[in-house]
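**Q** take a look and give me a structure for this.
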Amino acid sequence: MSVTKTTSEVNMITSNLLHDIRKIISLDNYIVLIYLVSLNKIGAISISETLPNDDMKKSLLAQLRNSEFIKNVNPLFIDVFHTVINKLSYNELNSLLYVLKDFSIDDHLLSDFFEDLIYKISLSQGRIASEYLQPLELTHFIKGLISKDEGQKIYNPFAGIASFGVIANEKDSYYGQELVPTSWGIGLLRLIINGKDHQNYVCDDSVSNWLGTSQKFDVIVANPPLNVRLNERIEGLRFLEDFYISKGLDALADNGYLISVSSFTLLTSTMYRPLIQKLVDNDYLEAIVSFPSNILLNASIPFYVLILNKNKAEKGVVKFFDAKDFSIKSNKIFKIDDSNLLEAFKNSKDRNVVRKITNEQIKEEDYNLQVGRYFIDIDLNFDHASKLGNILAPVSLVNDRNISRFYKLSLNNLSDNILKKDIDNSTLEIVTDNDVPRFMNILGRNALIISTVNNIKIGFFKFDGTPVLLPRDFYAVTFDDDLIDANYLVSVLLSTNVLDQYKKYSKGNVLSRISRNDFFKIIVALPPLDTQHAIYLDNLRDYIEKNEELNHLIKVQNLLDSSDSNSLLRHEIAGPLRNIKSSLNFILSMMEKKISSDFPEVLHLTPHPSVETTFKEYLNFMKRDLDRISVSVNKMSGEIDFSQMKIEEIDLISFIQDYVNSVKVRANNKFSIELDFNEIELKLNGIDQLLINGDKNLLSNVFDNLIENAEKHAFSFEDFEDKKIKIELLCSFEDNTVQIDICNTGMPLPSDLTYNQLVRKGSSFGINNGSGIGMWYVSEVLKKHKGFLGFTDETAPEGIDSEFVTSIELTLPVIFKK
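**A** Just a heads-up that it's a prediction; the model follows:
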């Protein structure tokens, strides 16, 4: 097909091409498409001349060796291309070439098409080759920070796929280095297609072959790998980020400046403090721009842009800019509004987004460059303001390993509920001298215990003769009852105002926390005691009105009075259901006590050699489903009984993996189902588990509803041969939430469906419309778990182009456990 469309239709061209190849090669090999289409377009290879051929790979390599293209680039490119096409089998490559042989695109569309192709593949994979694609909007913003003087000498170490090389001015001298050959190959093609093939972009190691040793540059710019250690220390430097900044400063001309995409750790960790002190004391640091999470394709963490200048216009001052309001959400992706951001960064005087902080103020904050702490006073316009350090007195803890009996406290024993302020000693674990830990932080008196890990939690400990062991991140305080009322104090500590300050002080991308010193800097209102009591009662009233669980208890009598034919049916089922569960429990008990020891092979029996599910697993499936039947029948009356809700800590990944395995059994090959999550991102952040507090039965019912909806609605027509369901986990380390996307192929939701229609009780839609209870039920269960429901039609403009047409999105609070 010959493409002669306008630039506005490039998106459709790219989407159609990706659709044509989606059943030919796997997503992991889409990088091959970039090489083949690009090389064919610039004449380095000819796909049409390659077909038919018994050895297509050999033919393509021979064409490349004999082309004018290879004479102008490093011969290493041939090896890179060989590596890329070797990932495909003969049949895959043959089928792909037959699709591409008739594909052509006009020259004036090529650059936009190439960028769109890279972007879409990165969006589906999270990266291109082994390199994560820098968002185009971030590149444009950084370009706007660079002066428009022509003929500048620019050094771009750790260049990735040459994002900065593409935007360099024609008369600039650009020097780029990228270590990974496949990434370098794509970057090279990217420069050629964008008319920048004159730029000096090489496959090289920026660490061992640092160009700044022998020459000076006007601009040094990079997005180095974040939080990555050097293989060995270089001049005392341990990480790529401080290597880049330290060596970059030495390589800058007297009027030069350095721009770095940097991590939260660089700005806040004490191990980088000597570097930060050097930047501030020498007045090199000109500005810091903080960006929210979910903008980088490879990670959900927030990040920062640092601007260093050896000849600052405004001496002794650092500009702190908060860019959180300059991003636009499109489906699951946040994009930077780069044009408005650049304008605001240069000209805005709005104290909600920009602060000018003196070097002396930064020194007073112990050279901590966390942006939020310099915006603390934004919303603190209240009377009787006082720092917590003036109200609370820290209690010294005892490190005495001779104490042989004590309570052991955990985060679960503390509360963020203003009605549950007292610790129940009867629920605490008692530790004897056999289990004495290495570190002893013992409290042996009445005190308020506080944790600032992943939010603020509190609990009043009443000493009953047995002391309590506090974890390292917990601390104990006392206060003067004549100064502050205990109930008022709790409501203030758990208030939105304190939470907002906590977020501004918090450190850590995954497990947020604040230091003890920062906690005592938090400002609260301290009115007279009689006013405190009145404020507490108002806060209590607001809390009850907003708390669904309390509202449920208040209204429980009304719920008990309601009845209909379905509630009668529930009573009819209750007796037989108890009998079945009792019988099954007897079988399981017998299996554990007798069969597992005397006849263990019975537990591993399967109905057929091709079936992996064992007899024991089938029994466990039966038990799980019977436990859920009593919950499921409640939907028949359109009411949900949450009184039997069993909240427990759930390992989310294991829970969903088990669920997926059980669905595979009952699906019987009618459709495929898989779990997808970014395991690499979790490992990089040191995360071992994603934990949620919830009811397994209710959550399993939610998943069942959504899977059954896909079967009934999306897969209802025989046209859809490739019936797939994917459960994808997307973590937000900034909000401490996880978004569980349940995606399916097949028929999309009606294009005019609204969110209110989706979740309204009794609302039904589509061809195979149901009772209108299912999605309402899903929404109500999520609310009970402090979560919410969303959906995206991936075929709509805001969707992501892929084989999945519908995403139902379940967002829940999560604990990231290291």
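**Q** buried residues in the lengthiest strand in the chain?
**A** Ranked by residue count under DSSP state E, the longest strand found in the chain is strand 252-262. Judged by neighbour count using 16 or more other C-beta atoms under 10 Å, the buried positions of strand 252-262 are 252, 253, 256, 257, 258, 259, 260, 261, 262. Using the backbone N, CA and C atoms, a C-beta is placed for each residue, glycine as well.
**Q** after that strand comes which helix or strand?
**A** helix 264-268 (DSSP states H and E).
**Q** ok, and what's touching the next helix or strand after that following helix?
**A** Sequence-wise, the next helix or strand downstream of helix 264-268 (DSSP H and E) is helix 273-281. With C-beta atoms under 8 Å, 6 or more residues apart in numbering as the test, helix 273-281 has contacts from 242, 245-246, 266-267, 284-285, 308, 318, 359, 362-363, 366-367, 369.
**Q** try it again with 10 Å
**A** 236-237, 239, 241-242, 245-246, 249, 266-270, 284-286, 306, 308, 316, 318, 358-360, 362-363, 366-369 (C-beta atoms under 10 Å, 6 or more residues apart in numbering).
**Q** just the buried subset of the residues you listed, please.
**A** Among the contacts of helix 273-281, those buried by neighbour count (16+ other C-beta under 10 Å) are 237, 239, 241-242, 245-246, 249, 266-269, 284-286, 306, 308, 318, 359, 362, 367-369.
**Q** ok so, going back, the longest strand of the chain: partners in the sheet, and parallel or antiparallel?
**A** The pairing partners recorded for strand 252-262 under DSSP bridges are strand 217-222 (parallel), strand 303-309 (antiparallel).
**Q** just the CA trace of that strand, in PDB.
**A** Extracted as PDB, the C-alpha positions of strand 252-262 are listed here (Å, rounded to 0.1, in the frame of the first residue of the first chain):
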ATOM      1  CA  LEU A 252      31.900  22.800  31.400                       C
ATOM      2  CA  ALA A 253      33.200  25.900  29.800                       C
ATOM      3  CA  ASP A 254      33.200  29.000  32.100                       C
ATOM      4  CA  ASN A 255      29.800  30.100  30.800                       C
ATOM      5  CA  GLY A 256      28.500  26.600  30.300                       C
ATOM      6  CA  TYR A 257      25.600  24.800  31.900                       C
ATOM      7  CA  LEU A 258      24.700  21.200  32.700                       C
ATOM      8  CA  ILE A 259      21.200  19.700  32.600                       C
ATOM      9  CA  SER A 260      20.400  16.400  34.200                       C
ATOM     10  CA  VAL A 261      17.300  14.200  34.700                       C
ATOM     11  CA  SER A 262      17.800  13.100  38.200                       C
END
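**Q** all helices of the stretch 551-700 of the chain, in order?
**A** 556-561, 565-590, 596-598, 600-603, 615-632, 652-667, 679-684, 696-709 (DSSP state H, counting those that start in this stretch).
**Q** the stretch 101-250 of the chain too?
**A** Under DSSP H, counting those that start in this stretch, the stretch 101-250 of the chain gives helices at 107-125, 136-145, 163-167, 181-193, 240-251.
**Q** in this structure, which residue sits furthest out from the middle?
**A** Relative to the C-alpha centroid of the chain, counting by C-alpha atoms, centre = their mean, residue 598 is the outermost residue, at 48.2 Å.
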